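> how would this look folded up:
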Amino acid sequence: MTSYGPGGVNIPMGGGLGIGTTNLYDANSKQRRRLFPLWRTWNRFSKLQRYMLCCGLALLGLFVIARSSASTGAAVENVISARRKIVEEQAELRGDLVADLPPNGRRVKGEDPDIVLGEEEEEDKDKNEVDRLLGAETGQDEEMSNDSVGGGAGGEIVQEKPLRRRPPLRTAAVTQSTTQQGSMEKMQEGMVMPMPKTFTGPDNDRQRQVVDGFQWAWDAYKRYAWGHDELKPLSRSYKEWFHIGLTLVDSLDTMYIMGLTKEFNEAQKWITETLTFEKDVDVNLFEITIRAVGGLLSVYHLSGDDVFKEKALDLGERLLNAFGTSTGVPYSDVNLNKRSAHAPKWGPDSSSAEVTTLQLEFRDLSYVSGDPKYEAKAFRVSEHFHKLEKKNGLIPIFINAITGEFRPSSTISFGARGDSYYEYLLKQWIQDGKRVDWLRSDFIEAMAGAKTHLIKYSHPNHLLFVGELLGGDHFSPKMDALACFLPGTLALGVMNGLPLEHLEIAEQLANTCHEMYVRQATKLGPEIAHFNVGSGMEVPLGTVDIHVKDNDAHALLRPEFVESLFYLYRLTKNQTYQDWGWDVFQALEKHAKVPNGGYASIEDVRTTGKVRQRDHMESFLLAETFKYLFLLMGTDQSLLPLDEWVFNSEAHPLPIRKAPLLVKPSSSSSA
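Numbering: from 1, shown residues only. Next up, the predicted model:
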């Protein structure tokens, strides 16, 4: 007998298997039921029950899918709303938004969907206005957009050219921490963005002669030292220090301000095509910051060319590792290529002035990049110094980067290694829109401390000077040429509401600096002077107020005295300060000018015969001395107004941060 299993297979029902007969189909069915118990249950349902169960499962699936889509849509909308809020807040803080968005606000077709305009305004807004709202680099408040930087005629003319779109601010995800987001917003408040400007050059004969002097120095650098750090004018060669074309970088904004278009374009081309910081060389953090970072940032703000910003950020990034100490006080030296930092070769300590004269530049790096890390690292140093114990606001000139403490029994001075600490207290306060009150307070306290401990009068002519405290307590009547920055800094403080008593000190100290110059045979100031205080301590008694020692008689053609004359003239309009500056320029022309090109430092300013020159032209001669002489001699003193620009320690102007603009309430909210 034959049975047909599945597929019509013949299965014998007897014999061949030994015992009885077996139904393999039934055996397979039992095995399936054991393996799939739900199958038995499903087979027990009627067709109607099966149909209803399938419909229920389908409805349940549709419900789950609908809920999931709604949640996802809400989450996406939340993220978009949060991002839109951040963008609008940042635009508002930049001063780009001048009114709340109206209830019937509509998107501008084809533009950023995060920016909307009121319906009644939409037809009146042209493309330039839309670009402004989206972050175009206008660089000025609306009321100044068609004027020169100084607001006067003839000094500086803003080019009429299409505005460039600024890249959007780099924000992290919506989950960005409140602190970091606050820092980003804080930096963008009222920031003056770069806008290309044209300077018309000299406006009187004295300015023209100053420009001629600068060109004499520049042409020699171009012939004998192009692309190298500094010129050696006597040997017609060059000196390397940082291997970055330091004189060229340091001089960029001077050329731009003087209206030297041809020279500037040549230097700009070299910066674009040749300048690199991939150099296996140790550099001094302070010097490269004030000269190179400051110079690049300044000319970026003046010219609007992004290449200068990119180079400045590249360099700034390489310098950050200097701050990698537990105290935050930076090491003095950094290797540009390795990005490693260390203490100076001469000892374990950093100079107090050097580590506290980085903040203007690093704060501006954060302003132009939108990245708060630069400002945070540099400002931490200022905060650290603020907390340290001082002598009536005065600080020793050395600090250990590892311990964060001042060197015991260190000298207190307004000269080398101490000077610009005080300068940057005031200028940081001004640059940041006068937001950090303790910077102002620390400056005022330091000036009171100087009056108590350092300011004395000479004999017999009662010249006010600023001495030093050796070991922190022993007075020395020694004054560096560097200390002649102080009259200008005091005058700048008075312009910003500090005590009028500071102006009296500034004017007397400027007169002393002038005496340091005119009492020398060359009419150029020495590096260091000692004053007769009537005790016979360090100077001969008699009728001489100022004594210059042999080792201190050289002149590097420093800018500090001329810098102070510039500030004092801006404040007082006393033409005496212009005349004193002109005397300095004529002395440079007579004794420092080299026949084959350039200017050279002076070996001994007391020389009455043939003046000996040193084979060196400092980059700050072009960056500072000539720039301050040019600005001082100008008929139009509104050029680079001091309520809009703050000059760093190397005379590179950086924009002052504006106070945040108030947002007008919408008509609906005011009702």
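
> got the phi/psi numbers for K232?
Backbone torsions of K232, given as degrees, to the nearest 10, read phi -110, psi 90.

> What is the burial count for the closest residue to it other than its chain neighbours?
The shortest distance from K232 to any non-neighbouring residue, by C-beta to C-beta, 6 or more residues apart in numbering, is to D615 (4.7 Å). C-betas here are computed from N, CA, C, even on glycine. D615 has 16 neighbouring residues, counting by other C-beta atoms under 10 Å.

> surely D615 meets R236?
No - the pair D615 and R236 does not pass the contact test of C-beta atoms under 8 Å, sitting 9.5 Å apart.

> show me what contacts the nearest residue in space to E423 that is not next to it in sequence?
Spatially, and ignoring its direct neighbours in sequence, E423 is nearest to T489 (5.1 Å; C-beta to C-beta, 6+ apart). Each residue near T489 by C-beta atoms under 8 Å, 6 or more residues apart in numbering is listed here: Y422, E423, L426, K427, S564, Y567.

> now M495
So M495 contacts Y567, R570, L571, L642, D643 (C-beta under 8 Å, 6+ apart).

> helix, strand or coil for the fourth one?
Translated: L642. Secondary structure, DSSP: H, G, I helix; E, B strand; the rest coil: L642 is coil.

> my read: it touches L492, true?
Yes - if you go by C-beta under 8 Å, L642 and L492 touch, sitting 6.8 Å apart.

> got any residues that touch both of these two?
With C-beta under 8 Å, 6+ apart as the test, L642 and L492 both reach Y567.

> Please say which of these two ends up with more neighbours.
Higher neighbour count among L642 and L492: L492, with 24 against 20, using other C-beta under 10 Å.

> one step back: show me which pair in the contacts of M495 is furthest apart.
Largest separation among these by C-beta to C-beta: Y567 and D643, giving 13.0 Å.

> what about those two, which has more around it?
Y567 (26 against 9).

> before we move on, the earlier item: the contacts of M495 into a markdown table, with extra columns for pLDDT and distance to S601?
Putting these into a markdown table (pLDDT from 0 to 100; distance: C-beta to C-beta, whole Å) gives the following:
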| residue | pLDDT | distance to S601 |
| --- | --- | --- |
| Y567 | 98 | 25 |
| R570 | 98 | 28 |
| L571 | 98 | 31 |
| L642 | 97 | 30 |
| D643 | 95 | 35 |
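
> could I get those residues as CSV with distance to D280?
As requested, these are exported to CSV (distance: C-beta to C-beta, whole Å):
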residue, distance to D280
Y567, 40
R570, 44
L571, 46
L642, 40
D643, 43
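
> mind checking which helix or strand the closest residue to Q431 other than its chain neighbours is in?
Of all residues not flanking Q431 in the chain, V646 sits nearest, at 4.8 Å (C-beta to C-beta, 6+ apart). Assessed by DSSP states H and E, V646 sits inside strand 645-647.

> Partner strands of that strand, with direction?
strand 653-655 (antiparallel) (DSSP bridges).

> Out of the contacts of T489, which end up buried?
Among the contacts of T489, those scoring as buried are Y422, E423, L426, K427, S564, Y567 (criterion: 16 or more other C-beta atoms under 10 Å).

> thought the third one was touching G497?
No - if you go by C-beta under 8 Å, L426 and G497 don't touch, sitting 11.3 Å apart.

> can I assume A66 sits in a helix?
Yes - with three-state DSSP as the criterion, A66 is located in a helix.

> ok, how many other residues are close to it?
10.

> who's in contact with the residue lying closest to V548 once chain neighbours are set aside?
The spatial neighbour of V548 that comes closest, neighbours along the chain excluded (C-beta to C-beta, 6+ apart), is P526 at 4.6 Å. For P526, the contacting residues are A481, M516, Q520, V548, D552, A553, H554, A555, V605, R606, by C-beta under 8 Å, 6+ apart.

> 6 Å - rerun?
Listed by C-beta atoms under 6 Å, 6 or more residues apart in numbering, the contact partners of P526 are V548, D552, A553, V605.

> And for D604, nearest residue in space, chain neighbours not counted?
Closest to D604 by C-beta to C-beta, 6+ apart is A553, at 4.5 Å.

> Many thanks, we can stop here.
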